[in-house]
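Peer 1: pasting the structure only:
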């Protein structure tokens, strides 16, 4: 290919998206072959997944294209269907819409006959110097061609993807800005605000900068742009904390902690660990949609007092009114003044009109501001008070209306609709009216679905939509109805980890929930939502134990906002048995992902319900409320409480859960200064026998680790090794990488103590790899401490210092539990520091700049593909 230069291609580990264009039924086998080729290259296929309609919504495949990096076209005999009111087929439209800078690989199937319009399209492609084309015979032939061509394309462009020499380790790690969303479209009319925000954020005088304004004004978008533009002011990181779906005040700190990588393993308070993680670091935390947590604003004062170099950029509809806050009012975009002539020049100098024009072009390619339409565009922007979201919704209607039609309809609807909520600010009433008007253009089934979608948090899948739609007017036509809402710009389609997902803008979700409440159907829909995710959890939770563990953890991580919402819906609907079962099914996930604090809140709320509780439900709720106490404040009360859990589980007939609770009870005893080794041994031995009998290898492996700890405390290193070996054998038999990482870290410690340093190193290589696949921070921290110990005894001061600095931070954020004497890295590091203080100090300085993912990459001689891919997301 020649012609325009293309942007640099990213490496496969960064999941390049490959858009596939073809007719659906005619080339079904070829599409499967191309998907296989793309996935062979560990890239992400982007294919239309809303059903085999001959002409998918134009906005939908435009959205797919906007998120893609490479265009693959497959052409056979058919030109494809031309929809009513369209002049070309979706096939040709997709090719036309692909950016000129996007690499295009075209594959033409040998055919005796071909539609004339397809022949014309192919001739045009052959004359296009930005596209490469090739003929093929069969799906197998095509699969090989696509894989080879993608490999060649990546190889040719790889050098362009290398960062400039000046890029630092922190910048290259993606840890600073990867957590900040990347806007899909250009931000218009905010240059002045961005300059002001840079001055505020960079001055060092303001600890909290609050972007204040009504819904739809563009606060979140401005915060994202400011975070992206000012990353250079915050060398230790920029973090985006979405609070839209966080409704319980007590979840503010756990949510901030999770984004920062501060894991809640039950040890230590979150305030202490967040403060320890931030320390003296110069970081920016963007807290988006703070208004529903406004009573928790004083928590920010506590945090910036403990972390004096951290700055908070907050978006909220109301002022926080806390010490250190600098309020920044976010204004609407400028529209030409009333009474001024509505000319093209005035439209072109108005940020509101330019936004309308840009979004209108997305809905109707070819739209341009002109002398003819400028008066209508100006009128629309004035009527909408320059509200960005209102303008975007109105511009989306140009797909079916003219600018003049939109202006007329706004005139007809706004005076009536804007009186429906007089207690709201004027701009917010206009926003509500604009959504009302957009919704008025929908069919009854489409309106009903939009209201129902309000129960979802963040994003959701088509399967979830279909499930909550059972028995509703739109239930049988979920695909078509959802596509119509996408066309109306009320629902957005996104691609997450190669899967199609959907979302509502926050203001639209709020609107939908209000309508559900008004109709008296909110409780019903929330129960439907909770039961769908309970069914989902019951279906996939077995994968949390065994060979599918890493995939299941990744799948659940995509659903965390809806898991939170489902638990809340079940508890508040009084479906307490279902809520407890939901929590218990996900026990391994809460552990791996360090989400204990959230589960504890739901279970405390469950226990606060009036009326009797089922034995098993009470046992589950009590177990989760005691988990943190078990690690932070072990006591006779915790031992007694877990003993009650054992009794209640047994009374309910759940021997498996009773054995798990008994093992937890024994683990609590291990932390007492006056250990009762006989009681702990008896409880663990009995638990292991029961778990083995029931085939619960996951629990048995962890209980064996408990016996290993007990043996070590009693002074028998040999017995400890035998128990850790047994735990590893069980984990290997179960193909359970979480328990294998836990047992492996403890085995490696024993190997090191016995002087088997090379054997310990090989074991740590394995546990680091497994922990990376799961993003299991606690497991990675133990393994890196082991690598620190190994580097220290070998005299490698720099590596020892690096791992010491990284794991010191990880201990602060993870709350690592150690029985006395088992932190093996401490003595050899201290000895090496005596011999080579400068070398260790140099490593510690460099390690302080590294993320856990950086340290794992340094420690592993070569990570396998799943671990490398997981480290990209760490």
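Peer 2: Sure, I can see it. Here the structure is a predicted model, which is why all the values come from computation and not from measurement.

Peer 1: When you work out contacts or count neighbours from here on, use the C-alpha atoms and nothing else.
Peer 2: Noted.

Peer 1: who's in contact with residue 315?
Peer 2: Residues near residue 315 by C-alpha atoms under 8 Å, 6 or more residues apart in numbering: 210, 211, 212, 219, 220, 223, 286, 287, 288, 289, 290, 291.

Peer 1: That one in helix, strand or coil?
Peer 2: Following DSSP: H, G, I helix; E, B strand; the rest coil, the label given to residue 315 is strand.

Peer 1: What distance do you get for it to residue 286?
Peer 2: In this view, residue 315 and residue 286 are 8 Å apart by C-alpha to C-alpha, to the nearest Å.

Peer 1: Which neighbours do those two have in common?
Peer 2: Common neighbours of residue 315 and residue 286, using C-alpha under 8 Å, 6+ apart, are residue 223.

Peer 1: And the furthest pair within the contacts of residue 315?
Peer 2: Greatest spatial distance in the contacts of residue 315: 223 and 291, 14.9 Å, computed using C-alpha to C-alpha.

Peer 1: out of those two, which sits in the more crowded spot?
Peer 2: Each of residue 223 and residue 291 has its neighbours counted (other C-alpha atoms under 10 Å); residue 223 has more, 23 against 20.

Peer 1: Against residue 320, how distant is the more buried one?
Peer 2: For residue 223, the distance to residue 320 - C-alpha to C-alpha - is 16 Å.

Peer 1: Check whether residue 359 really touches residue 394, as I assumed.
Peer 2: No: if you go by C-alpha atoms under 8 Å, residue 359 and residue 394 don't touch, sitting 9.2 Å apart.

Peer 1: neighbour count winner among those two?
Peer 2: Using other C-alpha under 10 Å as the criterion, residue 359 and residue 394 rank with residue 394 on top: 27 against 22.

Peer 1: per-residue pLDDT, the more buried one?
Peer 2: Predicted confidence (pLDDT) for residue 394: 87.

Peer 1: And the strands in the chain, which stretches?
Peer 2: 17-21, 44-46, 70-75, 104-109, 131-136, 208-212, 238-242, 284-288, 311-316, 325-329, 459-460, 492-496, 499-503 (DSSP state E).

Peer 1: Looking at these, spot the one closest to residue 598.
Peer 2: That would be strand 238-242 among those, by C-alpha to C-alpha, at 15.8 Å.

Peer 1: pLDDT (mean, whole number) over the closest one?
Peer 2: For strand 238-242, the per-residue pLDDT averages 91.

Peer 1: Direction included, what does that strand pair up with?
Peer 2: Using DSSP bridges, the strands paired with strand 238-242 are strand 284-288 (parallel).

Peer 1: Tell me what angle the strand it pairs with forms with strand 311-316.
Peer 2: Inter-element angle recorded for strand 284-288 and strand 311-316: 10 degrees (by axes from the mean of the first three to the mean of the last three C-alpha atoms, to 10 degrees).

Peer 1: Need the contact partners of strand 284-288.
Peer 2: Against strand 284-288 from outside (C-alpha under 8 Å, 6+ apart): 220, 223, 227, 234, 237-244, 310-316.

Peer 1: Distance check, the nearest residue to residue 354 once chain neighbours are set aside against residue 370.
Peer 2: Nearest residue to residue 354, sequence neighbours excluded (C-alpha to C-alpha, 6 or more residues apart in numbering): residue 348, at 6.4 Å. For residue 348, the distance to residue 370 (C-alpha to C-alpha) stands at 9 Å.

Peer 1: any idea which residue sits dead centre in this protein?
Peer 2: With distances taken as C-alpha atoms, centre = their mean, residue 558 lies nearest the centre of the chain, 5.7 Å away.

Peer 1: got a pLDDT number for the spatially closest residue to that one that is not a sequence neighbour?
Peer 2: Nearest residue to residue 558 in three dimensions, chain neighbours excluded: residue 496, at 8.0 Å (C-alpha to C-alpha, 6+ apart). In this model, residue 496 is scored at 77, pLDDT.

Peer 1: what number of residues lie near residue 496?
Peer 2: 12.

Peer 1: quick one: contacts for residue 785?
Peer 2: Counting by C-alpha under 8 Å, 6+ apart, residue 785 has contacts 803, 804, 807, 824, 825.

Peer 1: For ChimeraX, write a command that selects the buried ones of these.
Peer 2: Applying 16 or more other C-alpha atoms under 10 Å to those leaves a buried subset, and the ChimeraX line that selects it is:
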select :803,804,807,824,825
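
Peer 1: Among the contacts of residue 785, which one sits closest to residue 582?
Peer 2: Nearest member of the contacts of residue 785 to residue 582, counting by C-alpha to C-alpha, is residue 807, at 33.4 Å.

Peer 1: Quick one: residues contacting the residue lying closest to the closest one once chain neighbours are set aside.
Peer 2: Nearest non-adjacent residue to residue 807, counting by C-alpha to C-alpha, 6+ apart: residue 781, 5.7 Å away. Counting by C-alpha under 8 Å, 6+ apart, residue 781 touches 807, 810, 811.

Peer 1: hey, which helix or strand in this structure has the poorest pLDDT?
Peer 2: Between all helices and strands in the chain, the lowest mean by mean pLDDT, DSSP states H and E belongs to helix 169-172, at a mean of 28.

Peer 1: returning to what we had before: I'd like the contacts of residue 315 laid out as JSON lines, including distance to residue 663 and pLDDT.
Peer 2: As requested, the contacts of residue 315 are arranged in JSON lines below (distance: C-alpha to C-alpha, whole Å; pLDDT from 0 to 100):
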{"residue": "210", "distance to residue 663": "48", "pLDDT": "95"}
{"residue": "211", "distance to residue 663": "49", "pLDDT": "94"}
{"residue": "212", "distance to residue 663": "51", "pLDDT": "89"}
{"residue": "219", "distance to residue 663": "49", "pLDDT": "90"}
{"residue": "220", "distance to residue 663": "46", "pLDDT": "89"}
{"residue": "223", "distance to residue 663": "47", "pLDDT": "95"}
{"residue": "286", "distance to residue 663": "41", "pLDDT": "96"}
{"residue": "287", "distance to residue 663": "39", "pLDDT": "95"}
{"residue": "288", "distance to residue 663": "41", "pLDDT": "92"}
{"residue": "289", "distance to residue 663": "42", "pLDDT": "88"}
{"residue": "290", "distance to residue 663": "41", "pLDDT": "92"}
{"residue": "291", "distance to residue 663": "43", "pLDDT": "86"}
